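Trainee: sharing a model that was predicted from the sequence below.
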Amino acid sequence: MTYLAKPRLHHPSLTANKVGYTRRDYEGKISTLCAGCGHDSISAAIIQACWELDIEPHRVAKLSGIGCSSKTPDYFLGASHGFNTVHGRMPSVLTGANLANRHLLYLGVSGDGDSASIGLGQFAHAMRRGVRMVYIVENNGVYGLTKGQFSATADQGSKSKKGVTNSDSPVDLVAMALQLGATYVGRSFSGNKAQLVPLIKGAIAHGGAAFIDVISPCVAFNNHPGSTKSYDYVREHNEAVSRIDFISSREEITVAAAPGEVVDVRQHDGTLLRLRSLQTDYNPTDRYAAMSFMQKHQALGEVVTGLLYVDPLATDLHTALNTSDAPLNGQTAAQLCPGAKALEKINASLR
Amino acid sequence: MKRIEAVNDFVIKFANVNGSGSASANELFAKAILRMGVPVSPRNIFPSNIQGLPTWYEVRVCEKGYLGRRGGIDMMVAMNPQTWDADVAELHPGGYLFYDSTRPLPQEKFRDDIHVIGMPLTEICNAVYTDPRQRQLFKNIVYVGALSVLLEIESEVIEKLFAEQYKGKEKLLASNVQALHLGRDFVREHLQAPLGIRVQRSNKVGQQIFVDGNSAAALGCVYGGATVAAWYPITPSSSVAEAFQKYCAKYRVDPQTSRNNYAIVQAEDEIASIGMVVGAGWNGARAFTATSGPGVSLMTEFIGLAYFAEIPVTIINVQRGGPSTGMPTRTQQADIYSCAYASHGDTKHVLLFPEDPYECFEHAAAALDLADRLQTPVFLMTDLDIGMNQRLCRPFAWDDNRQYDRGKVMTAEELEAGRDFGRYKDVDGDGIPWRTLPGTHATKGAYFTRGTTRDAYARYSERGPDYVYNVKRLLKKFETAATLVPQPVLRKAARKTRLGVVYFGSTSPAMDEALEMLAEAGIPLDAMRLRAFPFPDSVAAFLDEHEEIFVVEQNRDAQMHGLIVNELNVDPARLVRVLHYDGTPITARFIAKAITQHVHAEVVTPKRKARETSRESAA
C-alpha cells in the first residue's frame, strides 16, 4: 500500500555493516509497482548486495531510462542521487557521469524495451566501450508501463495476454554482450535471490562493464500460459550453469573445495568469485565456449542462468583514456587552465 | 584592353583539385602576404568529397583591413581543367588568368578582355622531378614562386615560412626552396612582371593572429575548464573536437603523474554525444559537444531534458547549409529557431553569436561559465565561414586572476549546517535554484533528476500550481540570462539617422565594410551587432529609437527577424529583412545594394510595399 508511510521503528535484529549502516539505510521509497512484480525482488537484491559489500549509499549514482524497471531506482538507495533519463539513453548519460567522477559506483537500471529496442545501440556501445558500471536489465518481454506491447526480447511464438503471437525473432542481450566484448555477463531470475545477490556483488566489484540480464516476470501483462517470461515458465526451464559465492578480499577462504567442483575467479580488486559448477566443463572464462554453450541450450528451450562469462582482469574506459585519479569534476582552474603565458606563445605561433 | 590595377587591394582565387596538395601551398601564399604586413582574408570553398573534386581558395588582399568576402575576382589561378569554363567566366574584365600552359588550349577557351599568363608548370616539374608524388606536390610550390614575382611578394618572407614549417627537416626545406625558385626564375626569364595588381609591404597586420574559428573555440574550451567532450564527426564541426584533443594532449597532462585532466569520447552518434555531456554536466564536470545542424536535430530530446531538469550543457553548433543534409560544405545562419526553441513544449535556450575566432575563444569560455551559472543548455552559434577558414583577428587574451563561475552548488558543509535545500526552488530571486552533486553528503542533499514535472523539492508532482511555479521560474531564469550574456555592440553613425541595422555572427566583416560604403553614399545607419539570445534590454531600446531597422542574416526565412518579433513584440512593419542564403559568405556589396535599393524605393513608393527586400546573391 503505497499511501502508507514506511514505519520508522527498526526490527531489533537489524544489524549494521562495517560502515555503520543497516539494511534500512539502503532502501528507498515504497514501490508503486504492481504487487508481485519481479522488479521489486531485484530492488531487494540490490539493497542486499550493497549492504553486504559495505558500500556507502551516497557514493552510488543510480541511473535509468524510462519504463517500469526505470522507476525502480526510486525504491532503493534513497540517499543516492538518481537520474531517470530518457527512453533508451541511460548508457550515454551514465558514461558522462562516470567520466566526471570515477570514484562513485554507477548502477544503470533498464528494461528490455529500454535496452533492446530504442536503446539497443547505446547498450551495444556501452558494452564495447567498457564503462565501469553495473548494467541491470529487468527483462519481462513486454512494455509494462504502456500496457503490455511485446518488447524485442519476447520469444518468437510467445503469446501476449490478448492472445497475439509474436512473429519476430528475439533480441538476446546476453549473447550480444558476449559478442561485443563485455567482460562480465550474467543472467538471473528475479525469483532466485540466492543466485542474483552474489551476481550483483560480483558485478559491483568488477573492473569494467558488468551486464546482468534478469528475467523479471510482469504479473500484469506477461505471466500467463504462452509467455516464456512467466514465473512458471522460467522455474521449469531454468538451467543454471553454476552456484556463485562472492568472497570479498577481506574474507578468508576457510573451506578448500575439492578440485573439479569449483572454478575460482579472482577479480582485479582482490574479490573472489567462487563458482560451483552445475554443468560439466562450464568454464566462465572462455568467451566463445560460453557463447556456444548458451546457444545450444537455448535452442532446447532452456533459460541459461548464472555467471556466464567473466574477464576478471578487465579494466574500464578511464584506464583506456588514462584519466587522472582525482575526479574531473573537482579540478580547478589551476589544473585546467594553461594560463596567459602559454596563450602568448600560442598567439606568437599564429602570426 | 582594360587592366585591373591595385596595390594591396584585390581578390585572387585558386581553382584546384582537392587532395592535390594545393591547400598548404595556397595557405603559404596567404601567410606570406600577411607577413608583409598586409591583411588578407582567405576562404576555402570545398566540395563534400575527399579527393578528386574541385576546390577553391579565394583570397582577398585588403590593406584597409576589410575581411568580408568582396565578390568578384581580379586574378584566377586556374589549375583544374574540370572547372575551367566557369573559372574563366568569373574573372572581371581586365583581370588576370594564370594557368598551366604545358598542353595547348584552343583560343575559344579564353576571353579577349582578360590578361592571360601561361606557364608550362607540368613540363617544368617533370623535367626536374621524377617521383610522381613530388611532381604533383611541388607543382603547387612552383606556382607560388611564379606568383611571388608576378605580384611582388618577397621571397625571403616565403623562405622564412618554409624554415619555420620544416624546422629540423633539412631535406624538405631545401626541396621546397628549390621549387619556389624554379617558379621565380621562370617568370623572371620569360614573363612580364609585375602585374597590375601587386603587394607592397605595409604595417596593417600588427599583433593580429591568423587562426580558424574551430581551433579558437576548442582553445576557449580548454581555457574555460571543459574536462569532458563527447562528439560525433560531422562537417564542419569535427575539427573542433580534433583541435580540443590536440590542445589537451599538450596542456592538460599532469606533469607529475602523466595522467590526463580531460576525457574525450567519440560517441556512436549525436544522441550518445549529448547524453554523455548531460551526464557529465549533471555530475559537475564542464562538458561540451560540437556539431552542426543535423546533429542538433538529433539532440533535441536531450536538450529538452537538460532545459527542464536544469543541467549545464554546452553545445557548439558550427552551422552549415540546411535544411536536412543541405549543403555540408557551405555556410548559413539557419539554425536560429531550431536552437533557440529546441525540443517540444515551452523551451528557450541561451545562444551566443561570436563574430570571428577571437570571439569563438571568448564565447566558448563564457558558455561554460554561463551553463554552470544558469544550469541550462548554452549554444555557441558559429558557422562554416568562421569555423573552417583562417581569419585575421585580435590575439587571444586571458586574465590569470579569472576564476571559473561554478554556479550554485551546495557543499557538504552547507548541507550539514542544515541549510534548506530545494533543488527547484528560487531562493535568490533570479530564478536559478541550488543543486547538489552526487556523492556529496551521506544523508542530505540527494534527489531524483527527471524530465517529468515536480515540486520545488524535486518530488514528483502533477499539481497545476507546482508546474506553473516551475515553468515561470524558468522564464525568470531566462531574464537573468539576458543580463549575463555578451551584450550587443553598438556602432553609431557619424550623423543622426532614423535608420538602424541589426546583424550578428559572420556577417560582421561584410557589415563593417558596407556601413562605410553606405555612409559615403549618403546613407548613414546606426548598427547593432547582436552577440546573444536572450536579447538584453538595449536591443529593444535600439529598435525603439529608429523608424526602420534592417535585419541582415544568412537564411531564407528571416529567423533572427522572427525571433526579435516574437520575443520583443516589435511591430514587424518597422523591420526590413535583408536575406542572403545561397551558401556563400555574404558580401558588403550585397548588403549595401539591398539597403540602398530599399531606401531609394521608399522615396518613390509607399513604405508598406518597399518593406521586404530579399535577394539571392550572385556567386
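Mentor: Received the coordinates, thanks. Numbers count the residues shown, from 1 in each chain, chains lettered A, B, ... in the order given.

Trainee: list the contacts of whatever residue of the stretch 151-300 of chain A ends up closest to chain B.
Mentor: The nearest approach of the stretch 151-300 of chain A to chain B comes at A:Leu180, 11.9 Å away (C-beta to the nearest C-beta). The way it works is simple: take the backbone N, C-alpha and C, and place the C-beta from them, glycine included. The contact partners of A:Leu180, taken as C-beta atoms under 8 Å, 6 or more residues apart in numbering or on different chains, are A:124, A:127-128.

Trainee: helices along the stretch 101-250 of chain A, start to end?
Mentor: Assigned by DSSP state H, counting those that start in this stretch, the helices in the stretch 101-250 of chain A fall at A:112-116, A:120-129, A:173-179, A:193-205, A:231-237.

Trainee: list the contacts for the residue most central in space within chain A?
Mentor: Ranked by distance to the mean C-alpha position of chain A (C-alpha atoms, centre = their mean), the top residue is A:Ile136 at 2.6 Å. By C-beta under 8 Å, 6+ apart, the contact set of A:Ile136 is A:42, A:46, A:107-110, A:200, A:203, A:212, A:214.

Trainee: export the helix or strand that B:Ala249 is a member of to PDB, keeping only CA atoms.
Mentor: Assigned by DSSP states H and E, B:Ala249 belongs to helix B:238-251. This file holds the C-alpha atoms of helix B:238-251, laid out as PDB (Å, rounded to 0.1, in the frame of the first residue of the first chain):
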ATOM      1  CA  SER B 238      34.800  17.800 -36.500                       C
ATOM      2  CA  SER B 239      37.900  19.900 -36.300                       C
ATOM      3  CA  VAL B 240      36.600  21.500 -33.000                       C
ATOM      4  CA  ALA B 241      37.000  18.100 -31.300                       C
ATOM      5  CA  GLU B 242      40.200  17.400 -33.000                       C
ATOM      6  CA  ALA B 243      41.700  20.700 -32.000                       C
ATOM      7  CA  PHE B 244      40.500  20.100 -28.400                       C
ATOM      8  CA  GLN B 245      42.200  16.800 -28.400                       C
ATOM      9  CA  LYS B 246      45.500  18.300 -29.600                       C
ATOM     10  CA  TYR B 247      45.400  21.200 -27.100                       C
ATOM     11  CA  CYS B 248      44.500  18.800 -24.300                       C
ATOM     12  CA  ALA B 249      47.300  16.500 -25.100                       C
ATOM     13  CA  LYS B 250      49.700  19.500 -24.800                       C
ATOM     14  CA  TYR B 251      48.200  21.400 -21.900                       C
END
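
Trainee: show the average pLDDT along the helix or strand following it.
Mentor: The helix or strand immediately downstream of helix B:238-251 is strand B:263-266, counting by DSSP H and E. Across strand B:263-266, the average pLDDT comes to 98.

Trainee: and chain A, is strand B:263-266 touching that?
Mentor: Yes. Against chain A, strand B:263-266 shows contacts by C-beta under 8 Å from any C-beta of the partner chain at B:263-265.

Trainee: make sure A:Val86 is indeed in a helix.
Mentor: No. Using DSSP: H, G, I helix; E, B strand; the rest coil, the secondary structure at A:Val86 is coil, not a helix.

Trainee: just give me the neighbour total for it.
Mentor: Per other C-beta atoms under 10 Å in any protein chain shown, the neighbour tally for A:Val86 reads 23.

Trainee: ok, the one 3 residues further on next?
Mentor: The local packing of A:Arg89 (other C-beta under 10 Å) involves 28 other residues.

Trainee: which non-adjacent residue is nearest it?
Mentor: Distances taken as C-beta to C-beta, 6 or more residues apart in numbering or on different chains place B:Gly275 nearest to A:Arg89, at 4.9 Å, with adjacent residues excluded.

Trainee: element containing that neighbour, please.
Mentor: helix B:270-282.

Trainee: against which helices or strands is that helix packed?
Mentor: Using 3 or more C-beta pairs under 8 Å, 6 or more residues apart in numbering or on different chains; DSSP states H and E as the contact test, the elements touching helix B:270-282 are helix A:90-100, helix A:120-129, strand B:228-231, strand B:287-291, helix B:293-309, strand B:313-319.

Trainee: tabulate these (TSV), appending mean neighbour count and mean pLDDT.
Mentor: Shown next, in TSV, are these (neighbours: other C-beta atoms under 10 Å in any protein chain shown; pLDDT from 0 to 100):
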stretch	mean neighbour count	mean pLDDT
helix A:90-100	31	98
helix A:120-129	21	96
strand B:228-231	28	98
strand B:287-291	31	98
helix B:293-309	22	98
strand B:313-319	29	98
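
Trainee: who wins for proximity to A:Lys18 among the ones you listed?
Mentor: When the helices and strands packed on helix B:270-282 are compared by C-beta to C-beta, helix A:90-100 sits nearest A:Lys18, at 25.2 Å.

Trainee: can you list contacts of stretch B:368-376?
Mentor: Contacts with stretch B:368-376, where a contact means C-beta under 8 Å, 6+ apart, come from B:221, B:224-226, B:281, B:286, B:288, B:306-307, B:310-314, B:349-350, B:352, B:377-378, B:404-408, B:432-433, B:435, B:477, B:480-481, B:484-485.
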